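Participant: This is a predicted model, with the sequence first.
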Amino acid sequence: MEQTVMKVYVDANGFVQFACPNCNKMQQEQAKAYQDTKGPVSIQCDCGNVYPVEIEFRKFHRKGTRLDGIYVGVSNPKIWGKMILKNISMQGCGFETMGINPLQPDELIKVEFHLNDAKQSLIKKNAFVRSVFKKYVGCQFQERPNAFDADLGFYLRTS
């Protein structure tokens, strides 16, 4: 039987709290010890139970989606394509390209998509490609410091 992987978030002081699913004992550790770890980590409780935990270092909530959109290279507009937006936050997004993925890390692109809110809000953002895995692309929005997108902010706060 496979165990469920719990997700825990790093607090403002840089700590994570783990709750053993066997005995409910809480333990707190510094998150930076896990910063370079990919995927779930195994935590061992004093009761002897070992359980998997995924540690989330992101500062902003990332909402899962399935929205159609397009991407266009800013410096090379010949690079463009259709995409399916998989997740979004105030700071960035993740999407899958519909065809072969031509994008590379550090490339500046523009993404455009409509939210599935009542207004069908159009979102247009310049973004830096931060990660690429097959057809999946992770991006960080290029924003002015303290810029706020009201439509996106409201969308992220609704279920």
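Facilitator: That came through fine.
Participant: tell me, how many neighbours does the closest residue to V74 other than its chain neighbours end up with?
Facilitator: Nearest residue to V74 in three dimensions, chain neighbours excluded: L108, at 4.4 Å (Cβ to Cβ, 6 or more residues apart in numbering). Every residue, glycine included, has its C-beta placed from N, CA and C. By the criterion of other Cβ atoms under 10 Å, L108 has 14 neighbours.
Participant: contacting residues around L108?
Facilitator: G73, V74, S75, N126, A127, F128, V129, Q142 (Cβ atoms under 8 Å, 6 or more residues apart in numbering).
Participant: what pairs with it across the strands?
Facilitator: Beta bridges link L108 to F128, judged by DSSP bridges.
Participant: Check what pLDDT it gets.
Facilitator: At L108, the model reports a pLDDT of 97.
Participant: Identify the residues contacting K86.
Facilitator: Contacts of K86 by Cβ under 8 Å, 6+ apart are G64, T65, R66, C93, G94, F95, E96, Y136.
Participant: ok so, going back, and the contacts of L108, which of them are buried?
Facilitator: For the contacts of L108, a burial check counting by 16 or more other Cβ atoms under 10 Å picks out G73, A127, F128, V129.
Participant: For the residues you listed, give me a markdown table that also has distance to E29 and pLDDT.
Facilitator: What follows is the buried ones among the contacts of L108, written out as a markdown table (distance: Cβ to Cβ, whole Å; pLDDT from 0 to 100):
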| residue | distance to E29 | pLDDT |
| --- | --- | --- |
| G73 | 42 | 96 |
| A127 | 33 | 96 |
| F128 | 31 | 95 |
| V129 | 32 | 94 |
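Participant: Looking at these, spot the one nearest F57.
Facilitator: Of all these, F57 sits closest to F128, with 18.1 Å by Cβ to Cβ.
Participant: So what does F141 look like in phi/psi?
Facilitator: phi -70, psi 140 (degrees, to the nearest 10).
Participant: thought it was touching V129?
Facilitator: No. Using Cβ atoms under 8 Å, F141 is not in contact with V129; the gap is 11.5 Å.
Participant: Distance of C139 relative to N22?
Facilitator: 39 Å (Cβ to Cβ, to the nearest Å).
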